[in-house]
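Asks: Structure for the following, please:
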Amino acid sequence: MTVPALTAETRWRCTLCGNLTRFDVTRTARVTEFLHFDLAGDSKVEETEVLSETVESVRCRWCNAVDQVELVARPGAEGAPAQADQG
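Replies: Model prediction:
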């Protein structure tokens, strides 16, 4: 199954249990990093440029379902349905 790609306006939702917040994601990334070494030889990544990234699988942390995610609109995203105030 192909894992749907996230955008600025969308997020994942587990189709089996409704989870929106907890996922284990297996991905492969190709990156270029700028490393800064101090005089003791310890390094710190100061810049990262993602050259390519592939999401291989997504597992729901609540129900353990694998690759059962769909894209839903993020709250406040353009084009998302307005939520009525409950108060």
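Asks: so who does Cys17 touch?
Replies: Applying C-beta atoms under 8 Å, 6 or more residues apart in numbering, we find Cys17 in contact with Cys60, Trp62, Cys63, Ala65. C-beta coordinates here come from the backbone N, C-alpha and C atoms, glycine included.
Asks: Kindly report the same for Glu33.
Replies: Contacts of Glu33 by C-beta under 8 Å, 6+ apart are Val45, Glu47, Thr48, Glu49.
Asks: Bridged to it, which residues?
Replies: Counting by DSSP bridges, Glu33 is bridged to Thr48.
Asks: dump the residue contacts of Cys14.
Replies: Cys14 neighbours (C-beta under 8 Å, 6+ apart): Leu20, Phe23, Cys60, Trp62, Cys63, Ala65, Gln68, Val69.
Asks: hey, what's the third one bridged with?
Replies: As for beta bridges, Cys60 partners with Phe23 under DSSP bridges.
Asks: Thought Asp67 was touching it, still the case?
Replies: No: if you go by C-beta atoms under 8 Å, Cys60 and Asp67 don't touch, sitting 9.5 Å apart.
Asks: Neighbour count: the two, which is higher?
Replies: Cys60 (22 against 15; other C-beta atoms under 10 Å).
Asks: Now do the same contact list for that one.
Replies: Cys60 touches Cys14, Leu16, Cys17, Asn19, Arg22, Phe23, Val66, Gln68, Val69, counting by C-beta under 8 Å, 6+ apart.
Asks: make it 10 Å
Replies: Cys60 is in contact with 12-19, 22-24, 66-69, counting by C-beta atoms under 10 Å, 6 or more residues apart in numbering.
Asks: Go through those and name the one nearest His36.
Replies: Asp24 (30.7 Å; C-beta to C-beta).
Asks: which ones are touching the closest residue to the closest one other than its chain neighbours?
Replies: Spatial nearest neighbour of Asp24, excluding adjacent residues (C-beta to C-beta, 6 or more residues apart in numbering): Arg59 at 4.4 Å. Residues near Arg59 by C-beta under 10 Å, 6+ apart: Cys14, Arg22, Phe23, Asp24, Val25, Thr26, Ala65, Val66, Asp67, Gln68, Val69.
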